[in-house]
Every structure is written in structure tokens, then in C-alpha cells.
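# please work out how this folds:
(one chain, ligands or ions: 1)
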Amino acid sequence: MSICYIALGSNLEDPLAQANCAITALKQLPNTTCLEVSPFYRSKPLGPQDQNDYLNAVVKITTTLSPIELLEALQAIEKAQGRVRKENRWGARTLDLDILLYDDLVIESERLTIPHYHMKNREFVLYPLFDISPELILPDNDKLYDLVTKCPKNGLEKWDK
Ligand SMILES: CC1(C)Nc2nc(N)[nH]c(=O)c2N=C1O
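Purely as a prediction, here's the structure:
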């Protein structure tokens, strides 16, 4: 079994419902157990500001799915919840499910980069990740504690409704 951390983001079509529905779907993945869910956060959009605030969270799972199988399972959940992949990588979305970490694996391929390429400078990833695994050490030996300490909160707050 592998330990994986999944980043969840949504800013369209009732993000709270999207998040709860996605967590239910994660719990139903084959050979997968949901170990912990971070608090939900409200974050200002990274990128174009003419979009809604995001709901962000991190989910810790254990699974026997391979990285690619897990990626495909997450993409299927996104699609089932109405995610329409547009060219604009910076636009609003109903649901994003990204693999942050998969054990201590380092993968750099066309389809999959693990650890997630941007995770080290995104408060909406680092803070919820720290909530559930404060002692985490990344595959390159960076301490999550040090990354969080250096990362401004940028107005990140608990999701209140
Ligand atoms: C468009 C982009 C980069 N901005 C985001 N901004 C925030 N705050 N949260 C996200 O999950 C998020 N996801 C994205 O994909």
C-alpha cells in the first residue's frame, strides 16, 4: 500500500458540494482508503482575479493503485463532476484533483509529475497539507514545516460556508 496526498480545488458550481462529493468518490476508489481530510480553506485565485475564490483541501489516502491508475481515477472523478478541460489552465473549474505526493516517488513524465510541480509555493496546498501531516518530509528532503514557514498565507482562511 502507498501513501498519497491529493490536492482538491473548486471554485464553480457550489465548491462545498463539489468537495464533499469528490471526497465520497475518493473513499469509493478500489483498493483505496481515505486516511484523513484537511480542513476546507477559502483562497484567493492564483492567476486571473476575475473568478471566484477557491475551496481548497488536501486528502491523505492509502492505495494499491499505481500512479497512473490513480491519475486516471482522479480524472474520472473530475469528469463525473462536470470538469471541462479548456485550453485556459488558469480558469475557473468545478473540480481539480491533483496528486501531490505518492510515497517518496519522483516522476517526471508527459502525463504525470510527482511531487506536484507547484506545490512548494502554494499556500492553498501547503497549509492544508501541514494540517494533516506536519512532520512530512518531501522526497528531496525539504521539510514541509520549513516550506510552510516561508510561505505567506495570502489571505488564506477556513471555508466558512
Ligand atoms: C487556476 C489555478 C492556478 N488557481 C488556483 N487558485 C487557488 N486559490 N486555488 C486553486 O486550487 C487554484 N487552481 C488553479 O488551477
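# report the contact partners of the residue of the chain found nearest the ligand.
Proximity of the chain to the ligand (CB to the nearest ligand atom) peaks at G9, 2.7 Å away. For the C-beta atoms, the positions are set from N, CA and C on the backbone; glycine is no exception. G9 makes contacts with 54-56, 93, 95-96, 98, 124, as judged by CB atoms under 8 Å, 6 or more residues apart in numbering.
# quickly list what T62 is bridged to.
I3, T33 (DSSP bridges).
# sorry, wrong one. I was asking about Y41.
N56, K158.
# make 60 the starting number, not 1.
Got it, first residue is 60 now, which makes that one Y100.
# for it, give me the pLDDT.
Note for Y100: predicted pLDDT of 98.
# one more: N147?
For N147, the model assigns a pLDDT of 70.
# what helix or strand is the residue in the chain sticking out farthest from the centre on?
Note on the chain: the largest C-alpha distance from the chain mean falls to D109, namely 21.9 Å (CA atoms, centre = their mean). Assigned by DSSP states H and E, D109 belongs to neither a helix nor a strand.
# got any ranges where the chain has weak pLDDT?
Counting by pLDDT under 70, the chain has low-confidence residues at 144-146, 220.
# output the set of residues of it in proximity to the ligand.
Within the chain, the positions near the ligand by CB under 6 Å from any ligand atom are 68, 102-106, 113, 115, 149, 155, 183.
# swap the cut-off to 8 Å and go again
66, 68-70, 102-107, 110, 112-113, 115, 148-152, 155, 177, 181, 183-184 (CB under 8 Å from any ligand atom).
# out of those, which are buried?
Buried by 16 or more other CB atoms under 10 Å: 66, 68-70, 102-104, 113, 115, 151-152, 155, 181, 183-184, out of those.
# could you tell me which of those are located in helices?
183-184 (DSSP state H).
# list just the nearest of the buried ones among the residues of the chain next to the ligand to T121.
Of all those, T121 sits closest to A66, with 16.8 Å by CB to CB.
# the closest one touches L154, doesn't it?
No - look at A66 against L154 with CB atoms under 8 Å: they stay out of range, at 11.2 Å.
# I'd say P193 and D205 touch.
No - P193 is not in contact with D205 according to CB under 8 Å; the separation is 11.6 Å.
# is H175 in a helix, a strand, or coil?
coil (DSSP: H, G, I helix; E, B strand; the rest coil).
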